[in-house]
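Chemist: dropping a prediction and its sequence here:
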Amino acid sequence: MARISLSEPETATAEVKEIYEKILRGKPGNVQKALAHRPEMLKNFLSFYASVGRSLDRKLYELIYIRVSLINGCRYCSQHHVASSKRVGLGGEDWAALKAGDYSRFSEKERTALVYVEKLTRSPHDVNDADFVPLKRHFSDAEIVDVHMLAGLTNLTNRFTDPLGLELELPEEKI
């Protein structure tokens, strides 16, 4: 159960209703309903969220989001991205591998990103020049910025959703 009230469409302010309708097509999730307590933040967050990771292949985007969420133990984000990862062909064996930290089934580029975001999530202050050697083999500077921002965004949402007790709006998938 959510630890704060959620702004439901029928009781939302006019400003929030407009965001729900225009940006979210009338279907806000619980994370948006929580952020709606700060309408300007909600609007800015949605724009920011939509821009992060866009230079990356969508499969890689989902792999990173799921792995970071699993490292952090975030049920809400893991489940939402397990659901969206189906659209790029990921399935149960992929999710189990991500959960186990076994990247052998993924491409060299995907493995490079997953190893890097794991270190970035677990011990960001230990990242060093040597960690960039494999990254630079596979990613442009713009993509490296996106890898960083996506890992950071995932860590942010992981620290917002589960700690606020946000409930899933979709059926839970076994990982």
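Modeler: Perfect, I can see it now. Numbering: from 1, shown residues only.
Chemist: okay, CA-based contacts and neighbour counts for the rest of this
Modeler: OK.
Chemist: let me know the average pLDDT across the helix ranked longest in the chain.
Modeler: Taking DSSP state H as the criterion, the chain has its longest helix at helix 141-158. Helix 141-158 shows a mean pLDDT of 98.
Chemist: list the buried residues for that helix?
Modeler: Buried positions in helix 141-158, judged by neighbour count with 16 or more other Cα atoms under 10 Å: 143-144, 146-155, 157-158.
Chemist: repeat for stretch 32-48
Modeler: Judged by neighbour count (16+ other Cα under 10 Å), stretch 32-48 contains these buried residues: 32-37, 39, 42-43.
Chemist: re the thing from before, let me have the buried residues of helix 141-158 in a markdown table, adding distance to Ser55 as columns.
Modeler: Formatted as a markdown table, the buried residues of helix 141-158 follow (distance: Cα to Cα, whole Å):
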| residue | distance to Ser55 |
| --- | --- |
| Glu143 | 6 |
| Ile144 | 9 |
| Asp146 | 7 |
| Val147 | 9 |
| His148 | 12 |
| Met149 | 11 |
| Leu150 | 11 |
| Ala151 | 14 |
| Gly152 | 16 |
| Leu153 | 15 |
| Thr154 | 16 |
| Asn155 | 19 |
| Thr157 | 20 |
| Asn158 | 22 |
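Chemist: show me the strands in the protein, by range?
Modeler: For the chain, strands defined by DSSP state E do not occur.
Chemist: show me the helices in it, by range?
Modeler: Using DSSP H, helices in the chain cover 14-22, 30-35, 39-51, 58-72, 75-85, 92-100, 108-122, 129-138, 141-158.
Chemist: which of those helices sits closest to Glu169?
Modeler: In terms of Cα to Cα, the element of the helices of the chain nearest to Glu169 is helix 30-35, at 7.4 Å.
Chemist: gap between that closest one and the chain center?
Modeler: Distance of helix 30-35 from the chain centroid (Cα atoms, centre = their mean, to the nearest Å) equals 15 Å.
Chemist: ditto for stretch 84-96
Modeler: The gap between where stretch 84-96 is centred and where its chain is centred comes out at 14 Å by Cα atoms, centre = their mean.
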